[in-house]
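*Asks:* Provided below are the primary sequence and the corresponding predicted coordinates.
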Amino acid sequence: ADRIDDLSRQATTKLFSYALGRQIEYYDESTVRELLADFDKNQRRIRSLIHGIVQTDTFQSNDFQELSE
């Protein structure tokens, strides 16, 4: 069970970091905890994790114009 929890946390943080295009910072921790709780509640389905990530304020307010330059 501990390894499943570790795997869930790693998947959540890595996918969130990838979606933001940056490293996860200390101020992202509360969002990561919320994403992880929802991920676990939804039987660890990747689709639900992706859906949760794109609905976060952090993702919604991310400035993606830097990437296109």
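*Replies:* Received, thanks. From a predicted model like this one, the values you see are computed outputs, not experimental measurements. Numbering: from 1, shown residues only.
*Asks:* Angles on the backbone of T56, please.
*Replies:* With angles defined as degrees, to the nearest 10, T56 sits at phi -70, psi 150.
*Asks:* Tell me which residues touch the most centrally placed residue in the chain, please.
*Replies:* Centroid-nearest residue in the chain, with C-alpha atoms, centre = their mean: F16, separated by 3.1 Å. F16 sits next to 24, 28, 31-32, 35, 53, 56 when contact means C-beta atoms under 8 Å, 6 or more residues apart in numbering. Glycine gets a C-beta too; all of them are placed from N, C-alpha and C.
*Asks:* Out of the residues you listed, flag the one nearest to S8.
*Replies:* For those, the minimum distance to S8 (C-beta to C-beta) is 9.9 Å, reached by L35.
*Asks:* I'd say that closest one and T12 touch.
*Replies:* Yes - counting by C-beta atoms under 8 Å, T12 is a contact partner of L35 at 5.2 Å.
*Asks:* so of the contacts of F16, which ones are in helices?
*Replies:* Counting by DSSP state H, the contacts of F16 place 31-32, 35, 53 in helices.
*Asks:* rewinding a little: show me whatever sits in contact with both of L35 and T12.
*Replies:* Contacts common to L35 and T12, judged by C-beta under 8 Å, 6+ apart, are L49.
*Asks:* Kindly export the longest helix seen in the chain (C-alpha atoms) in CSV.
*Replies:* Secondary structure of the chain per DSSP H: the longest helix is helix 2-20. Extracted in CSV, the C-alpha atoms of helix 2-20 (Å, rounded to 0.1, in the frame of the first residue of the first chain):
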residue,chain,number,x,y,z
ASP,A,2,2.9,2.4,0.8
ARG,A,3,4.4,1.9,-2.7
ILE,A,4,1.0,2.5,-4.4
ASP,A,5,0.7,5.8,-2.5
ASP,A,6,4.3,6.8,-3.5
LEU,A,7,3.6,5.9,-7.1
SER,A,8,0.4,8.0,-7.0
ARG,A,9,2.2,11.0,-5.6
GLN,A,10,5.0,10.7,-8.1
ALA,A,11,2.6,10.4,-11.0
THR,A,12,0.7,13.4,-9.8
THR,A,13,3.7,15.6,-9.2
LYS,A,14,5.4,14.6,-12.5
LEU,A,15,2.3,15.1,-14.6
PHE,A,16,1.5,18.4,-12.9
SER,A,17,5.0,19.6,-13.4
TYR,A,18,4.9,18.6,-17.1
ALA,A,19,1.6,20.3,-17.6
LEU,A,20,2.9,23.6,-16.1
